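Peer 1: kindly return the folded structure for what I paste below:
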Amino acid sequence: MATAEEYRAVHGGGEPPGGQDSDRELGDGGCNVISKDNGGVVGRWSSWETASVALNRLQELGGRYEYRLEESHRWVNGPDHSTTCSVCGTTRDIPASAGTALGIEWP
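Peer 2: The predicted model follows:
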């Protein structure tokens, strides 16, 4: 959840809707996730570049948190020995033997 201060940092000084801390995450809901060192998620972006800009702005706050950016995909079984992220649609191929070792049942 993003604070009003974090919202202003990411959006260049604009006020958050309602003008107070929000129980919503920032971004457009993608797989590039910025989180705080206390485990809270600030936001999710589909573009790594946009998320990097947001991260830089958050780090300029100085404050009590350290922020980090990482990919966080939600993999589901896909066609032909692959998995697909249910959020962004990225597909990765997995050899059948590796899938079996990971407990993935292939049709």
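
Peer 1: so residue 7 is in which element?
Peer 2: Element membership of residue 7, judged by DSSP states H and E, is helix 4-10.

Peer 1: centre of the chain to stretch 1-14, how far?
Peer 2: Put simply, stretch 1-14 sits 17 Å off its chain's centre (C-alpha atoms, centre = their mean, to the nearest Å).

Peer 1: what of stretch 73-83?
Peer 2: Centre to centre, stretch against its chain (C-alpha atoms, centre = their mean), the figure for stretch 73-83 is 19 Å.

Peer 1: the residue lying closest to residue 54 once chain neighbours are set aside: what's it in contact with?
Peer 2: With sequence-adjacent residues excluded and distances taken as C-beta to C-beta, 6 or more residues apart in numbering, residue 54 is closest to residue 10, at 4.7 Å. Every residue, glycine included, has its C-beta placed from N, CA and C. Shown in contact with residue 10 (C-beta atoms under 8 Å, 6 or more residues apart in numbering): 2, 26, 43, 54, 57-58.

Peer 1: name only those of the residues you listed that count as buried.
Peer 2: Listed as buried from those are 2, 26, 43, 54, 57-58; burial here means 16 or more other C-beta atoms under 10 Å.
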